[in-house]
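Asks: Got a sequence here, can you model it:
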Amino acid sequence: MTIQQVGIIGAGTMGHALALVHALGGCRVRLHDANDEVLAKAPGLIKAACASLVEAGEIDQTQADAALAQISCTAALAEAVSEADLVVEAVVEQADVKTRVFAAIDQAAPAGAIIASNTSYLDIFPLVPAARQARTLIAHWYTPPYIIDLVDIAAGPETAADVLVEMEALYRGFGKQPIRFERLIPGYIANRLQAALNLECLRMIDEGWATAVDIDRAVRHGLASRLATLGHMKKMDYTDLRMSQNGLASRMYTPPEHKGGSAVLARMIADGHTGVRAGRGFYDYGDATPEDLFKARDAKLIKLKHFMKTLEEEDSL
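Replies: Prediction:
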């Protein structure tokens, strides 16, 4: 099966960005959202992301224009999926919402369409109609997916093996880095590592041991450069595995347990300090617009991505 037409359900943080990813990959894309305001903002966000890629030299203006011409928006879910070879579900992580969306997809999408959910933690397979199980899988992306290449591809209990293979090949063809899981592993790899890091960081802030600035300095100037160049397991090899063994044997503290919340997060969210879009989270972003902040982030990520490619090309060991 050749995937040419893609319907994307959900035009928010991930959905609009995934529309761009698939359009850059050569697919025709119909983007839908039930929220008119979210859908109305999507074209501007997609154009801004394209502009960032052009400015950084990731693509040229001709490629950007071609990708933008491949994307159309629709307020009707049925219109988005009626001719789709692939349907990407990128709605909120709530089981009831996803259940309704899968039912609507089932009613309108071609029988042979592949359904790919961008879910981060939720087991979506019990929510999918029985007739769609064999051609449903998870394709989980990381923001912004037009720059970050990792995509987790996970099978459900009844997912056909050829569907998993086809989706892995599709995204490799896009220049992405898919990791294939033969079954759902909650959190995959990167999200599980991030979750563990979140627990440690929030505990240190809750207990007053460190500030957000302290933690980010430790990550950027201690962890990040080594992880970016080596990964984690290879970093352990370079450090010497005996040091890791000794560290486990003589550990002087107990890692935090997941307790379902954090005092500092609860307080900040209650105060409306929810992050970049609100103008303040752990940091105060002043009068900077979210668009400008995301543009600056994207530019830095692209520069790092270019540099990492250079390092990989030099690494012959």
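Asks: what about the stretch 201-317 of the chain, any weak spots by pLDDT?
Replies: Applying pLDDT under 70 to the stretch 201-317 of the chain picks out residues 315-317.
Asks: Tell me where it has helices.
Replies: 212-218, 225-230, 233-239, 241-249, 263-270, 290-314 (DSSP state H, counting those that start in this stretch).
Asks: Now do the fourth one: everything it contacts.
Replies: Translated: helix 241-249. With contacts defined as C-beta atoms under 8 Å, 6 or more residues apart in numbering, helix 241-249 is touched by residue 236. Every residue, glycine included, has its C-beta placed from N, CA and C.
Asks: closest one to residue 150 among the helices of the stretch 201-317 of the chain?
Replies: For residue 150, the closest of those is helix 290-314, at 11.7 Å, according to C-beta to C-beta.
Asks: List of residues touching that closest one?
Replies: 45, 48-49, 51-53, 55-58, 144, 147-148, 228-229, 276-277, 285.
Asks: next one: stretch 205-221
Replies: With contact meaning C-beta under 8 Å, 6+ apart, stretch 205-221 is reached by 201, 204, 262-264, 282-283.
Asks: Return the distance of residue 44 relative to residue 55.
Replies: 16 Å (C-beta to C-beta, to the nearest Å).
Asks: do residue 307 as well
Replies: 17 Å.
Asks: coming back round to it: mind checking which of the contacts of helix 290-314 are in helices?
Replies: 45, 48-49, 51-53, 55, 228-229 (DSSP state H).
Asks: so which of the residues you listed comes closest to residue 90?
Replies: Nearest member of the ones in helices among the contacts of helix 290-314 to residue 90, counting by C-beta to C-beta, is residue 45, at 13.5 Å.
Asks: for the closest one, what are its contacts?
Replies: Counted by C-beta under 8 Å, 6+ apart, residue 45 has contacts 16-17, 291.
Asks: nearest to residue 28, of those residues?
Replies: Of these, the one sitting nearest to residue 28 (C-beta to C-beta) turns out to be residue 16, at 15.9 Å.
Asks: so what's the closest one up against?
Replies: Going by C-beta under 8 Å, 6+ apart, residue 16 touches 31, 41-42, 45-46, 49.
Asks: what do you get for residue 287?
Replies: Contacts of residue 287 (C-beta under 8 Å, 6+ apart): residue 279.
Asks: mind redoing it with 7 Å?
Replies: By C-beta atoms under 7 Å, 6 or more residues apart in numbering, residue 287 lies in contact with nothing.
Asks: related to what we said a few turns ago, could you pick out the buried ones from the contacts of helix 290-314?
Replies: Buried members of those, scored by 16 or more other C-beta atoms under 10 Å, are 45, 49, 52-53, 56, 58, 144, 147-148, 285.
Asks: For those residues, could you give me CSV that also reports distance to residue 192?
Replies: Below are the buried ones among the contacts of helix 290-314 laid out as CSV (distance: C-beta to C-beta, whole Å):
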residue, distance to residue 192
45, 29
49, 27
52, 29
53, 29
56, 30
58, 29
144, 21
147, 22
148, 17
285, 29
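Asks: Assign residue 119 to helix, strand or coil.
Replies: With DSSP: H, G, I helix; E, B strand; the rest coil as the basis, residue 119 sits in coil.
Asks: Give me the pLDDT value at the residue nearest to it when sequence neighbours are not counted.
Replies: In this structure, residue 119 finds its nearest non-sequential neighbour in residue 138, 5.9 Å apart by C-beta to C-beta, 6 or more residues apart in numbering. Note for residue 138: predicted pLDDT of 97.
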